[in-house]
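# Next input, structure requested:
(one chain, ligands or ions: 1)
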Amino acid sequence: MAETVLDYEAEAAHYDRTRGGVPRAGAAAEAVLRLVPPGARSLLDLACGTGLVTERLARPGLRVYGADAAHAMLRVAAGRAPGRVVRADARRLPLPDASLDAVTAVWLLHLVPFTAEIVAETARVLRPGGVLIATVDKDAAHDVGSDIDEILRPHRSAAAASDRADLITRYAAAHRLEPAAGADFTGHGQGATPRDTVRKLRAGYFASWFPGDPATVDRLATALAALPDQDRPRADPRYRLASFVRRG
Ligand SMILES: C[S@@+](CC[C@H](N)C(=O)[O-])C[C@H]1O[C@@H](n2cnc3c(N)ncnc32)[C@H](O)[C@@H]1O
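Numbers count the residues shown, from 1 in each chain. Sure, this is the predicted structure:
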């Protein structure tokens, strides 16, 4: 199974430490801000999680808000952005039409099967000229070129990923969101180890891109367990942000 909102209720206490902390959040925020138009005055960080990225989106003249579906994540975010975070499902935002200059969604779209609804909802709340900035192809970025990747890649089904760039671009086009510039950021601390990859594989964590049968899971787990340096993280991934401008 892929991670769900419920997993994040349990995860909040460990989230920052296990997701690259300040270096990863800083790199993500810096890349997002490169794509926010200079005149933007309001930004919603959708699926803001613990707010570690949200609080780094500060820029003079830009009001930054956060929304997330998980209570526990929001409680941490509320300490970082007091009065500016709200609990909401990304498909139903408590905001009027055309009320924001920018919406960002870092590490959300790979988690959920309803990305078309999320893109439609962000288009609704964006003003003409506003931008949607979202990570795409997240899981495909992992372990590229590593020995872990050599074992897993032949079995990956890119078609199964809910945040495929071409899919998100198609959903966006249906709501007058046109592709604009992209950016990359380093997922500091996100390089995988073979041992942890085996654990995640067996837990079904990769189900969004790996619809493998139990025999294949066993075979891959055995190959991963035979790799050297079981606890040495491989290179940090580079994640991709796509952006889309709302036409009037
Ligand atoms: C991987 S975390 C990313 C958090 C943050 N953007 C970051 O980069 O640190 C994913 C977040 O998405 C939230 N989430 C999952 N499904 C959601 C939904 N349908 N609506 C709003 N938030 C959702 C989870 O609660 C979690 O906080």
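
# what about the residue in the chain that the ligand sits nearest to, how many neighbours?
Residue nearest to the ligand within the chain: Gly49 (2.6 Å; Cβ to the nearest ligand atom). Yep, even glycine has a C-beta here, placed from its N, CA and C like the rest. A total of 25 residues lie near Gly49 under the criterion other Cβ atoms under 10 Å.

# That one: what secondary structure?
Recorded secondary structure, Gly49: coil (DSSP: H, G, I helix; E, B strand; the rest coil).

# so what's the closest residue to it other than its chain neighbours up against?
Nearest residue to Gly49 in three dimensions, chain neighbours excluded: Met73, at 4.8 Å (Cβ to Cβ, 6 or more residues apart in numbering). By Cβ atoms under 8 Å, 6 or more residues apart in numbering, the contact set of Met73 is Tyr8, Glu9, Glu11, Ala12, Tyr15, Cys48, Gly49, Thr50.

# ok, now Glu117?
Arg91.

# how about the helix or strand encompassing it: buried residues?
Using DSSP states H and E, Glu117 sits in helix 115-125. Residues of helix 115-125 classed as buried by neighbour count (16 or more other Cβ atoms under 10 Å): Thr115, Ala116, Ile118, Val119, Ala120, Glu121, Thr122, Ala123, Arg124, Val125.

# how far away is the residue of the chain closest to the ligand from Glu150?
Using Cβ to Cβ, to the nearest Å, one gets 31 Å for the distance from Gly49 to Glu150.

# can you give me the helices for the chain?
5-18, 21-35, 71-80, 115-125, 147-152, 165-173, 194-202, 214-225 (DSSP state H).

# Could you single out the most deeply buried of those?
helix 115-125 (a mean of 21; mean count of other Cβ atoms under 10 Å).

# Restrict that one to CA atoms and write it as PDB.
In PDB, the C-alpha atoms belonging to helix 115-125 read as follows (Å, rounded to 0.1, in the frame of the first residue of the first chain):
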ATOM      1  CA  THR A 115      -4.500  13.600  -8.600                       C
ATOM      2  CA  ALA A 116      -7.000  14.800 -11.300                       C
ATOM      3  CA  GLU A 117      -9.300  16.100  -8.600                       C
ATOM      4  CA  ILE A 118      -6.500  17.900  -6.800                       C
ATOM      5  CA  VAL A 119      -5.300  19.600 -10.000                       C
ATOM      6  CA  ALA A 120      -8.900  20.700 -10.700                       C
ATOM      7  CA  GLU A 121      -9.300  22.100  -7.200                       C
ATOM      8  CA  THR A 122      -6.000  24.000  -7.400                       C
ATOM      9  CA  ALA A 123      -7.100  25.500 -10.800                       C
ATOM     10  CA  ARG A 124     -10.300  26.600  -9.100                       C
ATOM     11  CA  VAL A 125      -8.600  28.600  -6.300                       C
END
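
# what about it, distance to the chain center?
Relative to the mean C-alpha coordinate of its chain, helix 115-125 is positioned 15 Å out (Cα atoms, centre = their mean, to the nearest Å).
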